[in-house]
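A.B. asks: here is my input; please provide its structure:
(one chain, ligands or ions: 2)
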Amino acid sequence: MIPHLSIVVPVYNEEANIPHLVDRLIKSLNGLNMPFEIIFTNDGSIDQSLPLLLDASAAHPAKIRIIDFKGNFGQHMAIIAAFSAARGTIIITLDADLQNPPEEIHKLVTKMDEGYDYVGSYRDKRQDSFFRTHVSRMINWVREKITDIQMRDQGCMLRAYHRTIIDKIVEGKEHSTFIPALAYKLSRNPTEIEVHHAERAAGESKYNLYKLVRLNFDLITSFSIAPLQLFTMFGLLTSFLSGFLVCYLFLRRILVGPEAEGLFTLFAIAFFLISVVIVGIGLIGEYLGRLALNLSPRPRYEIRTLYENDQ
Ligand code: UDP
Ligand code: MG
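C.D. replies: Ligands and ions are numbered 1, 2, ... in the order given. Below you'll find the predicted structure:
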(Lines give C-alpha, C1' and ligand atoms only; values in the text may rest on other atoms or scores of the structure.)
(Ligands and ions follow the chains in the order given, each with its own letter.)
Protein backbone atom coordinates (compact mmCIF):
# COMPACT_ATOMS: atom_id res chain seq x y z
CA MET A 1 0.00 0.00 0.00
CA ILE A 2 1.30 3.46 -0.88
CA PRO A 3 1.84 5.31 2.40
CA HIS A 4 0.30 8.71 2.98
CA LEU A 5 2.98 9.71 5.47
CA SER A 6 6.73 9.20 5.17
CA ILE A 7 8.75 9.82 8.32
CA VAL A 8 12.41 10.54 7.66
CA VAL A 9 15.05 10.11 10.37
CA PRO A 10 18.83 10.59 9.97
CA VAL A 11 20.85 8.40 12.33
CA TYR A 12 24.45 8.82 13.34
CA ASN A 13 25.61 6.77 16.33
CA GLU A 14 22.25 6.78 18.11
CA GLU A 15 22.26 3.22 19.51
CA ALA A 16 20.95 4.33 22.91
CA ASN A 17 17.94 6.08 21.35
CA ILE A 18 16.76 3.78 18.56
CA PRO A 19 14.61 1.26 20.51
CA HIS A 20 12.68 4.03 22.34
CA LEU A 21 12.41 6.13 19.21
CA VAL A 22 10.95 3.23 17.21
CA ASP A 23 8.43 2.35 19.95
CA ARG A 24 7.25 5.92 20.35
CA LEU A 25 7.11 6.53 16.59
CA ILE A 26 5.12 3.39 15.84
CA LYS A 27 2.71 4.11 18.71
CA SER A 28 2.00 7.70 17.65
CA LEU A 29 1.79 6.86 13.95
CA ASN A 30 -0.64 3.97 14.57
CA GLY A 31 -2.82 6.48 16.41
CA LEU A 32 -3.16 8.58 13.25
CA ASN A 33 -4.98 5.87 11.31
CA MET A 34 -3.31 6.49 7.98
CA PRO A 35 -0.79 4.39 6.06
CA PHE A 36 2.77 5.39 6.89
CA GLU A 37 6.38 4.38 6.38
CA ILE A 38 9.49 5.28 8.38
CA ILE A 39 12.76 5.72 6.52
CA PHE A 40 15.97 5.73 8.53
CA THR A 41 19.26 6.75 6.95
CA ASN A 42 22.22 5.27 8.78
CA ASP A 43 24.79 8.00 8.18
CA GLY A 44 27.95 5.92 8.67
CA SER A 45 27.35 5.01 12.33
CA ILE A 46 30.13 3.05 13.95
CA ASP A 47 28.07 1.85 16.93
CA GLN A 48 25.17 -0.64 17.04
CA SER A 49 22.72 1.69 15.27
CA LEU A 50 22.44 -0.39 12.08
CA PRO A 51 21.81 -3.78 13.80
CA LEU A 52 19.21 -2.07 16.02
CA LEU A 53 17.51 -0.53 12.99
CA LEU A 54 17.48 -3.94 11.27
CA ASP A 55 15.87 -5.47 14.39
CA ALA A 56 13.24 -2.74 14.31
CA SER A 57 12.56 -3.35 10.65
CA ALA A 58 12.23 -7.10 11.27
CA ALA A 59 9.68 -6.32 14.00
CA HIS A 60 7.72 -3.95 11.70
CA PRO A 61 8.53 -5.24 8.21
CA ALA A 62 5.97 -3.29 6.22
CA LYS A 63 6.69 -0.03 7.98
CA ILE A 64 10.43 0.50 8.25
CA ARG A 65 12.95 0.99 5.45
CA ILE A 66 16.63 1.63 5.98
CA ILE A 67 19.20 3.35 3.79
CA ASP A 68 22.71 2.44 4.86
CA PHE A 69 25.32 5.00 3.78
CA LYS A 70 28.89 4.01 2.96
CA GLY A 71 30.21 6.73 5.25
CA ASN A 72 29.25 9.86 7.11
CA PHE A 73 27.79 12.34 4.63
CA GLY A 74 26.09 14.58 7.18
CA GLN A 75 22.58 15.03 8.53
CA HIS A 76 21.21 16.99 5.58
CA MET A 77 22.50 14.55 2.93
CA ALA A 78 21.07 11.68 5.01
CA ILE A 79 17.69 13.42 4.88
CA ILE A 80 17.92 14.03 1.11
CA ALA A 81 18.68 10.33 0.50
CA ALA A 82 15.60 9.39 2.52
CA PHE A 83 13.57 11.98 0.60
CA SER A 84 14.47 10.28 -2.65
CA ALA A 85 13.18 6.96 -1.26
CA ALA A 86 10.04 8.42 0.35
CA ARG A 87 6.70 7.55 -1.24
CA GLY A 88 4.26 9.49 0.95
CA THR A 89 2.32 12.62 0.06
CA ILE A 90 3.36 14.24 3.34
CA ILE A 91 6.98 13.86 4.37
CA ILE A 92 8.00 14.58 7.95
CA THR A 93 11.54 14.92 9.27
CA LEU A 94 12.65 14.51 12.86
CA ASP A 95 15.82 13.83 14.81
CA ALA A 96 16.71 10.42 16.19
CA ASP A 97 17.66 11.64 19.66
CA LEU A 98 14.03 12.20 20.78
CA GLN A 99 14.52 15.96 21.06
CA ASN A 100 11.54 16.18 18.67
CA PRO A 101 8.75 14.21 20.40
CA PRO A 102 7.04 11.79 17.93
CA GLU A 103 3.78 12.53 19.77
CA GLU A 104 3.79 15.98 18.09
CA ILE A 105 3.56 14.59 14.55
CA HIS A 106 -0.24 14.74 14.52
CA LYS A 107 -0.11 18.55 14.88
CA LEU A 108 1.94 18.83 11.69
CA VAL A 109 -0.40 16.51 9.80
CA THR A 110 -3.48 18.45 10.91
CA LYS A 111 -1.88 21.69 9.73
CA MET A 112 -0.87 20.17 6.37
CA ASP A 113 -4.48 19.06 5.90
CA GLU A 114 -5.47 22.75 6.00
CA GLY A 115 -3.73 23.13 2.62
CA TYR A 116 -0.20 24.30 3.48
CA ASP A 117 2.68 22.77 1.53
CA TYR A 118 5.24 23.35 4.30
CA VAL A 119 4.66 23.26 8.04
CA GLY A 120 7.72 24.45 9.91
CA SER A 121 8.01 24.61 13.66
CA TYR A 122 9.53 26.53 16.51
CA ARG A 123 10.45 25.07 19.86
CA ASP A 124 8.39 26.26 22.80
CA LYS A 125 11.29 25.90 25.24
CA ARG A 126 14.52 24.94 23.62
CA GLN A 127 16.35 22.31 25.68
CA ASP A 128 19.93 22.87 24.55
CA SER A 129 22.99 24.37 26.17
CA PHE A 130 23.17 28.13 26.82
CA PHE A 131 25.93 28.44 24.21
CA ARG A 132 24.04 26.53 21.47
CA THR A 133 20.79 28.37 22.12
CA HIS A 134 22.36 31.82 21.99
CA VAL A 135 24.64 31.25 19.00
CA SER A 136 21.73 29.80 17.11
CA ARG A 137 19.57 32.81 18.01
CA MET A 138 22.27 35.08 16.59
CA ILE A 139 22.54 33.10 13.31
CA ASN A 140 18.76 33.12 13.09
CA TRP A 141 18.87 36.92 13.32
CA VAL A 142 21.60 37.22 10.65
CA ARG A 143 19.73 34.85 8.32
CA GLU A 144 16.53 36.85 8.83
CA LYS A 145 18.39 40.06 7.80
CA ILE A 146 20.26 38.79 4.74
CA THR A 147 17.89 36.29 3.17
CA ASP A 148 14.21 36.40 2.33
CA ILE A 149 13.57 33.30 4.42
CA GLN A 150 11.05 33.93 7.18
CA MET A 151 11.14 31.39 9.97
CA ARG A 152 11.20 31.75 13.71
CA ASP A 153 13.47 28.83 14.47
CA GLN A 154 15.50 27.40 11.61
CA GLY A 155 17.12 24.71 13.77
CA CYS A 156 14.02 22.73 14.68
CA MET A 157 13.91 19.69 12.39
CA LEU A 158 10.38 18.51 13.23
CA ARG A 159 8.79 19.69 9.99
CA ALA A 160 6.32 18.54 7.36
CA TYR A 161 6.73 18.98 3.61
CA HIS A 162 4.42 18.24 0.70
CA ARG A 163 5.58 15.80 -1.97
CA THR A 164 5.91 18.63 -4.54
CA ILE A 165 8.66 20.28 -2.45
CA ILE A 166 10.46 17.00 -1.82
CA ASP A 167 10.51 16.19 -5.55
CA LYS A 168 12.21 19.52 -6.24
CA ILE A 169 14.78 19.01 -3.47
CA VAL A 170 15.65 15.55 -4.79
CA GLU A 171 16.03 16.87 -8.36
CA GLY A 172 18.40 19.63 -7.18
CA LYS A 173 22.05 18.82 -7.06
CA GLU A 174 23.35 20.83 -4.11
CA HIS A 175 26.14 19.09 -2.26
CA SER A 176 25.73 20.82 1.04
CA THR A 177 22.60 22.56 2.07
CA PHE A 178 20.22 23.35 4.90
CA ILE A 179 16.92 21.61 4.31
CA PRO A 180 14.46 23.76 6.30
CA ALA A 181 15.67 26.85 4.42
CA LEU A 182 15.85 25.16 1.01
CA ALA A 183 12.33 23.79 1.40
CA TYR A 184 11.08 27.20 2.45
CA LYS A 185 12.48 28.68 -0.77
CA LEU A 186 10.66 26.02 -2.79
CA SER A 187 7.35 26.25 -0.96
CA ARG A 188 4.33 28.26 -2.06
CA ASN A 189 2.25 28.31 1.06
CA PRO A 190 4.37 27.84 4.20
CA THR A 191 3.35 28.17 7.83
CA GLU A 192 4.77 27.29 11.24
CA ILE A 193 3.48 25.88 14.51
CA GLU A 194 4.84 25.57 18.03
CA VAL A 195 6.17 22.17 19.12
CA HIS A 196 7.69 20.77 22.27
CA HIS A 197 11.38 20.16 22.54
CA ALA A 198 13.09 17.72 24.87
CA GLU A 199 16.64 17.29 26.02
CA ARG A 200 18.66 14.76 24.02
CA ALA A 201 17.45 11.42 25.48
CA ALA A 202 20.87 9.73 25.40
CA GLY A 203 24.31 10.20 23.87
CA GLU A 204 25.99 13.44 22.88
CA SER A 205 25.27 16.00 20.17
CA LYS A 206 26.84 14.91 16.88
CA TYR A 207 27.85 18.48 16.11
CA ASN A 208 31.22 19.61 17.38
CA LEU A 209 32.18 23.25 17.01
CA TYR A 210 33.76 22.71 13.58
CA LYS A 211 30.72 20.88 12.15
CA LEU A 212 28.44 23.53 13.62
CA VAL A 213 30.39 26.37 12.01
CA ARG A 214 30.38 24.50 8.66
CA LEU A 215 26.63 23.94 8.86
CA ASN A 216 25.98 27.61 9.50
CA PHE A 217 28.27 28.64 6.64
CA ASP A 218 26.22 26.32 4.44
CA LEU A 219 23.08 28.04 5.60
CA ILE A 220 24.36 31.54 4.88
CA THR A 221 26.33 30.94 1.67
CA SER A 222 23.63 28.76 0.08
CA PHE A 223 20.96 31.37 0.37
CA SER A 224 22.60 34.78 0.21
CA ILE A 225 25.51 36.68 -1.31
CA ALA A 226 24.98 39.54 1.12
CA PRO A 227 28.32 38.83 2.91
CA LEU A 228 30.19 39.48 -0.35
CA GLN A 229 28.18 42.62 -1.01
CA LEU A 230 28.88 43.92 2.49
CA PHE A 231 32.56 43.42 1.78
CA THR A 232 32.38 45.46 -1.40
CA MET A 233 30.57 48.21 0.46
CA PHE A 234 33.07 48.18 3.30
CA GLY A 235 35.90 48.33 0.71
CA LEU A 236 34.27 51.35 -0.94
CA LEU A 237 33.92 53.09 2.40
CA THR A 238 37.55 52.52 3.45
CA SER A 239 38.90 53.65 0.05
CA PHE A 240 36.86 56.80 0.35
CA LEU A 241 38.13 57.48 3.89
CA SER A 242 41.75 56.70 3.05
CA GLY A 243 41.51 59.01 0.00
CA PHE A 244 40.61 61.80 2.41
CA LEU A 245 43.48 60.85 4.69
CA VAL A 246 45.97 61.00 1.80
CA CYS A 247 44.77 64.49 0.78
CA TYR A 248 44.91 65.68 4.39
CA LEU A 249 48.46 64.33 4.97
CA PHE A 250 49.64 65.82 1.67
CA LEU A 251 48.39 69.29 2.57
CA ARG A 252 49.72 68.95 6.11
CA ARG A 253 53.13 68.05 4.78
CA ILE A 254 53.24 71.18 2.64
CA LEU A 255 51.83 73.50 5.29
CA VAL A 256 53.20 72.09 8.59
CA GLY A 257 55.94 69.64 7.59
CA PRO A 258 56.34 65.83 7.90
CA GLU A 259 54.68 63.94 10.79
CA ALA A 260 56.02 60.80 12.49
CA GLU A 261 53.78 60.44 15.53
CA GLY A 262 51.03 57.85 15.90
CA LEU A 263 53.05 54.86 14.72
CA PHE A 264 51.08 52.35 16.80
CA THR A 265 47.76 53.81 15.77
CA LEU A 266 48.86 53.20 12.22
CA PHE A 267 49.75 49.60 13.11
CA ALA A 268 46.37 49.06 14.73
CA ILE A 269 44.55 50.37 11.67
CA ALA A 270 46.77 48.34 9.32
CA PHE A 271 46.27 45.10 11.32
CA PHE A 272 42.54 45.64 11.38
CA LEU A 273 42.37 46.17 7.64
CA ILE A 274 44.67 43.22 6.92
CA SER A 275 42.45 40.89 8.95
CA VAL A 276 39.39 42.22 7.16
CA VAL A 277 41.11 41.37 3.87
CA ILE A 278 41.94 37.85 5.09
CA VAL A 279 38.33 37.27 6.11
CA GLY A 280 37.30 38.55 2.68
CA ILE A 281 39.58 36.08 0.90
CA GLY A 282 38.19 33.27 3.08
CA LEU A 283 34.68 34.34 2.23
CA ILE A 284 35.35 34.30 -1.51
CA GLY A 285 36.88 30.84 -0.95
CA GLU A 286 33.66 29.66 0.70
CA TYR A 287 31.59 30.68 -2.30
CA LEU A 288 34.11 29.27 -4.80
CA GLY A 289 34.34 26.00 -2.85
CA ARG A 290 30.55 25.69 -2.85
CA LEU A 291 30.51 26.34 -6.60
CA ALA A 292 33.23 23.74 -7.23
CA LEU A 293 31.37 21.13 -5.15
CA ASN A 294 28.08 21.79 -6.86
CA LEU A 295 29.67 21.50 -10.31
CA SER A 296 31.44 18.28 -9.36
CA PRO A 297 30.11 15.16 -11.10
CA ARG A 298 30.70 13.09 -7.94
CA PRO A 299 27.58 11.76 -6.17
CA ARG A 300 26.38 13.69 -3.12
CA TYR A 301 26.28 10.52 -1.05
CA GLU A 302 26.85 6.80 -1.53
CA ILE A 303 24.50 4.07 -0.42
CA ARG A 304 25.89 0.70 0.66
CA THR A 305 22.57 -1.13 1.02
CA LEU A 306 18.89 -0.30 0.88
CA TYR A 307 16.87 -2.50 3.22
CA GLU A 308 13.22 -2.76 2.19
CA ASN A 309 11.40 -5.90 3.15
CA ASP A 310 7.93 -5.02 1.98
CA GLN A 311 8.65 -5.18 -1.74
N1 UDP B 1 23.10 13.30 12.35
C2 UDP B 1 23.46 12.63 11.19
N3 UDP B 1 24.71 12.82 10.67
C4 UDP B 1 25.61 13.68 11.25
C5 UDP B 1 25.22 14.38 12.41
C6 UDP B 1 23.95 14.18 12.94
O7 UDP B 1 22.67 11.85 10.64
O8 UDP B 1 26.73 13.79 10.73
C9 UDP B 1 21.75 13.08 12.92
C10 UDP B 1 21.72 12.68 14.39
O11 UDP B 1 21.83 11.29 14.58
C12 UDP B 1 20.36 13.21 14.81
C13 UDP B 1 20.19 14.47 13.97
O14 UDP B 1 21.08 14.30 12.85
O15 UDP B 1 19.31 12.32 14.48
C16 UDP B 1 20.53 15.73 14.74
O17 UDP B 1 21.83 15.61 15.32
P18 UDP B 1 22.13 16.11 16.81
O19 UDP B 1 20.99 15.74 17.71
O20 UDP B 1 23.46 15.60 17.22
O21 UDP B 1 22.19 17.67 16.60
P22 UDP B 1 21.76 18.80 17.65
O23 UDP B 1 20.42 18.42 18.22
O24 UDP B 1 22.84 18.82 18.69
O25 UDP B 1 21.70 20.01 16.80
MG1 MG C 1 19.75 16.71 18.93
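A.B. asks: report how many residues lie close to the residue of the stretch 201-311 of the chain found nearest ligand 2.
C.D. replies: At 5.7 Å from ligand 2, Ser205 is the closest residue in the stretch 201-311 of the chain, using Cβ to the ion. Where C-beta positions appear, they are placed from N, C-alpha and C, glycine not excepted. Neighbour count for Ser205, taken as other Cβ atoms under 10 Å: 13.
A.B. asks: over to Ser49?
C.D. replies: Applying other Cβ under 10 Å, we find 24 residues neighbouring Ser49.
A.B. asks: next up, the contacts around it.
C.D. replies: Contacts for Ser49 were tallied using Cβ atoms under 8 Å, 6 or more residues apart in numbering; they are 11-15, 18, 42.
A.B. asks: distance of it from Asp43?
C.D. replies: Relative to Asp43, Ser49 is positioned 9 Å away (Cβ to Cβ, to the nearest Å).
A.B. asks: intersection of neighbour lists for these two?
C.D. replies: Jointly contacting Ser49 and Asp43 under the rule Cβ under 8 Å, 6+ apart are 11-12.
A.B. asks: which ones are touching the closest residue to His197 other than its chain neighbours?
C.D. replies: In this structure, His197 finds its nearest non-sequential neighbour in Arg123, 3.7 Å apart by Cβ to Cβ, 6 or more residues apart in numbering. Counting by Cβ under 8 Å, 6+ apart, Arg123 makes contact with 153, 156, 194-197.
A.B. asks: mind checking which of those residues are buried?
C.D. replies: Buried subset of the contacts of Arg123 (neighbour count, 16 or more other Cβ atoms under 10 Å): 153, 156, 195-197.
A.B. asks: from these, pick the one nearest Thr147.
C.D. replies: Within the buried ones among the contacts of Arg123, the smallest distance to Thr147 is 14.9 Å, found for Asp153 (Cβ to Cβ).
A.B. asks: still on that earlier bit, reformat the buried ones among the contacts of Arg123 as JSON lines; add distance to ligand 2.
C.D. replies: Compiled in JSON lines, the buried ones among the contacts of Arg123 are given as follows (distance: Cβ to the ion, whole Å):
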{"residue": "Asp153", "distance to ligand 2": "14"}
{"residue": "Cys156", "distance to ligand 2": "10"}
{"residue": "Val195", "distance to ligand 2": "14"}
{"residue": "His196", "distance to ligand 2": "14"}
{"residue": "His197", "distance to ligand 2": "9"}
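A.B. asks: can you tell me which residues in the chain are near ligand 2?
C.D. replies: The chain has residues 95, 97, 99, 200 near ligand 2, with proximity defined as Cβ under 5 Å from the ion.
A.B. asks: can I get the residues you listed in JSON lines including secondary structure and neighbour count?
C.D. replies: Shown next, in JSON lines, are these (DSSP: H, G, I helix; E, B strand; the rest coil; neighbours: other Cβ atoms under 10 Å):
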{"residue": "Asp95", "secondary structure": "coil", "neighbour count": "19"}
{"residue": "Asp97", "secondary structure": "coil", "neighbour count": "22"}
{"residue": "Gln99", "secondary structure": "coil", "neighbour count": "22"}
{"residue": "Arg200", "secondary structure": "coil", "neighbour count": "18"}
